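*Asks:* just a sequence and a predicted model for now, questions to come.
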Amino acid sequence: MYSFDYQKAKSVADAAKVLAKDGDAKLLAGGQSLIAAMKLRLAHPSEVIDLGTIKELSGIKADSKAVAIGAMTRHAEVASSAAVKKAIPALASLAAGIGDRMVRNMGTIGGSLANNDPAADYPAAVLALGATVVTNKRKIAADEFFKGMYETALQKGEIITSVSFPVPKRAAYMKFKNPASRYAIVGVFVADSGTGVRVAVTGAGPSVFRVAAMEKALAAKFAPESVASIAVPEKGLNTDLHAKADYRAHLITVMARRAVEAAMK
Amino acid sequence: MTVKVSLTVNGKPASAEIEERTLLVNFIRDTLRLTGTHVGCDTAQCGACTIHMNGRAVKSCNMLAMQAEGAELVTIEGIAKADGTLHPMQEAFRQHHGLQCGFCTPGMVMSAIDLVKNFPDPSEELIREQLDGNLCRCTGYHNIVKAIKAASQTMRS
Amino acid sequence: MATPYIGASIKRKEDYRFLTGAGNYTDDVALPRQTHAHFVRSPHAHAKIKSIRKDKALKAPGVVAIFTGDDLAGAKVNGLPCGWLITDVNGQPMKEPPHPCLAQGKARYVGDHVAIVIAESYQQARDAAELVKVEYEELPAVVRAGDARKEGAPAVHDIAPDNTCYVWGLGDKAAVDKAFAGAAHVTTLEFLNNRLIPNAIEPRAANASYSRADDSYTLYVASQNPHVERLLMTAFVLGLPEHKVRVVAPDVGGGFGSKIYLYAEDVVCTWASKQINRPVKWTADRSESFVSDAHGRDHVTKAELALDREGRFLAMRVTTTANMGAYLSTFASCIPTILYATLLAGQYTTPVIYAEVTAVFTNTAPVDAYRGAGRPEATYVVERLVETAAREMKMSPAEIRRRNFIKTFPYQTPVALLYDTGNYEATLAEALRIADVAGFQGRKADAARRGKLRGLGYSCYIEACGIAPSNVAGALGARAGLFEAGEVRVHPTGKVTVFTGSHSHGQGHETTFGQVVADRLGIPMEDIEIVHGDTGKILFGMGTYGSRSIAVGGTAIVKAADKIVAKGKKIAAHLMEAAEADIEFKDGAFVVRGTDKKKAFAEVSLAAYVPHNYPLDKLEPGLNENAFYDPANFTFPAGSHICEIEVDPDTGTVSIVNFTAVDDFGKIINPMIVEGQVHGGLTQGIGQALTEGCHYDKESGQLVTGSYLDYCMPRADDVPAFKVGTKETPCTHNPLGVKGCGEAGAIGAPAAVMNALTDALGVRDIEMPATPQRIWRACQESKMKKAA
């Protein structure tokens, strides 16, 4: 790890000030991706601003319409939250499958979304549920948030403070894990809001994306067979040692079908 | 540059001036000389560095020591009784031959205690699934799974 | 008599310290005035080193010293030796290119050592390492065994322009060719035996110090054999007097072969500790382990089996190309030859066998023994062939094996080995029973109803362990002896310290050897301490590998204990005024036969150290005995593994629903420990079959699987609860009747899994590791075939 300056942010405004001043500063949320990258000397921030002590960034508020999750809320808290389990069980179960138990005790939803790793799980939920990402400056709709591999709509000095998920009628997330890293090779989140269906895919492409053909078919009939024969073009999908693009394309269909099955249970 | 970190380890206060980039595991091993917590990888996969922070299992190799400022840590050295009697999880690992070379063992035991805390009556399948953050190259996991299952019974009673 | 310890599942003595964090591994050792080292490694698979500039790095904070290959050459530090000379088919010695501890002139694989940077802290060393400016001129690289001898392939070493280390043969080629010509059926398979990275969870580490006071060195190192490490380092590399170097291998976090070898880092840290007159510590990051630990396997093989109409094996012909990597590691040359081709008879009476092995250099990390070492590769050849032949000839896999099993012993194979004993039908029958093979068709039909494919696969392996009769090994090219040493020191009070050359890094020797000695001396285990891993304490040792510890190391200890009893009888005879011939040793006491006169063990030991009433004219005082044991033959553990798997054709995911292993390890000292060894071996074998594969990029020579994010280690949910059983046919040529158990699982499992998988998919072969992607593709292909 390269040397850096460290400070604990006293407030979001405080953190934003430092961020705006120093272009090479980085926010530290749970650190499960950032510290790992820094250890391998793949990331070299000049300054690390630790959000860990800002209490108001943590916590879950839920009612019958929406679940709002503070940016610094750990995956384990979302996974075990009775409110989340009740309102959006698919979200709790997604959180329970991120990384491993130890990673879930540190990793945060805000950190995960700001990082926008192509194989991360949360982006699929945010996009499929049509969530709103709330920052210190504005509210960003899910469809506007994810811009590409490790790229988001966040501007300089902008900090995620919470994420608000509308409660769907039914939803489910199915993940096919990379056998080595256990990240998503393909993760498909299917959400039926009652007024429409959204299907979001993570892991397969450079960034999370929606599958319009599946959404249309499911809106017509919410059943596994509606997506079972919808093939996603392999063009533009990721290819690596573990899964070439054609395999990923195939897995999207299988995971989508299984997600619909699960959502109907 | 250095920063000061103060925290509690195994019930005792600890504090030191450290480099900002000091990982928690290096603070534990090199500064406090509690060498039971191990480092087996550099990508936060193997889990040999697992400790408890404020009652939850974390990978001490994947966080800065400063992230543990003010926290209560428990390491493998801190779970047996003062008279040396083993924690039920340690005892179960011994009874069921859940360790061989011993290197992954501290992290495995700390993870397993957290597992049972979260799932007091785990099935074999659940134990296997919940051990995905810990690698063992010696045991083939068979006896680790048996040990955790057995410990879950004794820890409940 | 007291309950014997041998055969009992005694809880391990070593566990308390490991469970409480009180183990003492090499990286736990911190010495006064400690410095820390980081190695500059080649980022290129093959490159000329045009210049190395260290001036900037030397000025970096905390830097103590930086050394390069030129510094070592200037100090006349030799390269790393290879411990086994293979003579090729033309009677020529293998090509042995120099293996410098720090690269000289060229770097030959990604991770090759270029310089050592020593600083006050690890972070400072690593910071400064980035300031060492190495100017490389990249050269084309070759990484795959199958490409090494192709026209135009870049030469890794000038002395081997065609990248060939040796072409070696074993067996009667003419007789084999003749048998094939007359065979009713020939089964042919071509496959890769995938390259693996050992991945002991403790990364390699070394901490070396030098004392000017007596011109001596101490090296703490994560090693499986500290004496061999010292011998090779002093006699061959550094030219130091052996008695001035102490090598300590304290608690070691797993080895699996990868910690047998003398590595460059160990040598360079030791040498540097004198140059700077301070201790030098190096601990590998996992990323470094991936690129610099010796890898395993990596064969390309064509194998043929000739059969008669009844499915009897007539001959076997095997051609293998084995990847040695960029340099010859300590035992690299003997793995794909002596430990591979000699096992090709398997459990069968195949009358003639010919194997030809070509060893090649490539721009990859050195390849050497990894759990099983040659024998998993041989078992894979034999058992995949046999199962495929059975399918082709429409015979049951069990029946074709039974028809060809060796049934009378001793049995001389056509590939040099003399099996002393075994009962292959018994292990197979037991495995069939435990695995409920009879019920398989029902389970398969049930799986089919759920849209899943079930398959069943067998593997009846044999291994040669207890390495080795030194004269036999010597005749085959070994440059070292392969005996083991032990010492039994009885203290005046009758308590015992045992010193063994067998190192324990997970095997539980402190317990198993304690059981053996306790029974031999008739004393409680609590009265015995086992000491290993320190050349300063132990007279000598050849170390732990090849499942040899109990068979060779254990026997050395037994011999020493027997000498204690023999001397004790003399002392007891004197004390009880009886004839020595009338003394018998029973339940820990020396008894005058046919009387109630006896002396307890502790009474005799006390007399030996307080020799007031003692035959000093005939007998030395004291009670301490050494023994060296050189085995008369290898031991031959064997067994039957049966794997049942289920494939999800939609995703290619496979789950092992049942894995049965019935092994014959001869006499078993501690069943709990033996089962644990089997579980671990099986998991590594399953890992080879389904998850683990080392992958270098063909063009760049970069290691793609350089971390746990890409190299798939088996996790708890990748393996099932194992069903294990044993059958005992005691080894005939050692006093304990033991054979060894450390590698069996890794040897037998890959073929069982792959036989099950090919059965489920209805395909001839699928490449290991059979990842979900590969399985899915195989499903697609067979779907397409069926459609066509």
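*Replies:* Happy to help now that I have it.
*Asks:* from now on I want contacts and neighbour counts done on CA atoms only, so please keep to that.
*Replies:* Noted.
*Asks:* end-to-end on stretch A:116-127?
*Replies:* Criterion CA to CA, to the nearest Å; first-to-last residue distance in stretch A:116-127 is 12 Å.
*Asks:* now do stretch C:85-96
*Replies:* 9 Å.
*Asks:* list the contacts of it.
*Replies:* C:82, C:159-160, C:164-169, C:328, C:333-334, C:476-479 (CA atoms under 8 Å, 6 or more residues apart in numbering or on different chains).
*Asks:* got the buried residues for that stretch?
*Replies:* Buried residues in stretch C:85-96, counted by 16 or more other CA atoms under 10 Å in any protein chain shown: C:85-88, C:94-96.
*Asks:* returning to what we had before: just flag the most distant two among the contacts of stretch C:85-96.
*Replies:* C:159 and C:476 (23.5 Å; CA to CA).
*Asks:* from what I see, residue C:193 and residue C:768 are in contact.
*Replies:* Yes: counting by CA atoms under 8 Å, residue C:193 does reach residue C:768; the two are 7.1 Å apart.
*Asks:* between these two, which is the more surrounded one?
*Replies:* In this view residue C:193 and residue C:768 are compared by other CA atoms under 10 Å in any protein chain shown, and residue C:193 has more residues nearby, 26 against 21.
*Asks:* hmm, which of the contacts of stretch C:85-96 are the buried ones?
*Replies:* Buried among the contacts of stretch C:85-96 (16+ other CA under 10 Å): C:82, C:160, C:164-169, C:328, C:333-334, C:476-478.
*Asks:* could you tell me which of the residues you listed belong to strands?
*Replies:* Among the buried ones among the contacts of stretch C:85-96, DSSP state E puts C:164-169 in strands.
*Asks:* in JSON lines, list the residues you listed along with pLDDT and distance to residue A:3.
*Replies:* Formatted as JSON lines, those follow (pLDDT from 0 to 100; distance: CA to CA, whole Å):
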{"residue": "C:164", "pLDDT": "98", "distance to residue A:3": "47"}
{"residue": "C:165", "pLDDT": "98", "distance to residue A:3": "46"}
{"residue": "C:166", "pLDDT": "98", "distance to residue A:3": "49"}
{"residue": "C:167", "pLDDT": "98", "distance to residue A:3": "52"}
{"residue": "C:168", "pLDDT": "98", "distance to residue A:3": "53"}
{"residue": "C:169", "pLDDT": "98", "distance to residue A:3": "56"}
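*Asks:* CSV please, covering the buried residues of stretch C:85-96 and showing pLDDT and secondary structure.
*Replies:* Output for these, formatted as CSV (pLDDT from 0 to 100; DSSP: H, G, I helix; E, B strand; the rest coil):
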residue, pLDDT, secondary structure
C:85, 97, coil
C:86, 97, coil
C:87, 97, strand
C:88, 96, coil
C:94, 98, coil
C:95, 98, coil
C:96, 97, coil
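*Asks:* for residue 171, what are its contacts?
*Replies:* You didn't pick a chain, so chain A it is. A:88-90, A:189-192, A:259-260, A:262-263.
*Asks:* chain C was what I was after
*Replies:* C:352-355, C:414-415.
*Asks:* related to what we said a few turns ago, and the buried residues of stretch C:85-96, which two are furthest apart?
*Replies:* C:88 and C:96 (12.5 Å).
*Asks:* got the domain boundaries for chain B?
*Replies:* By the assignment in automatic domain parsing, chain B contains the domains B:2-78, B:88-156.
*Asks:* most neighbours per residue, which of these?
*Replies:* Mean neighbour count, computed with mean count of other CA atoms under 10 Å in any protein chain shown, is highest for domain B:88-156 among those, reaching a mean of 23.
*Asks:* end-to-end on it?
*Replies:* In domain B:88-156, first residue to last residue: 10 Å (CA to CA).
*Asks:* give me the low-pLDDT residue ranges for the stretch 501-650 of chain C?
*Replies:* Within the stretch 501-650 of chain C, no stretch has pLDDT under 70.
*Asks:* give the full set of residues in contact with residue C:569.
*Replies:* C:580, C:583-585, C:590.
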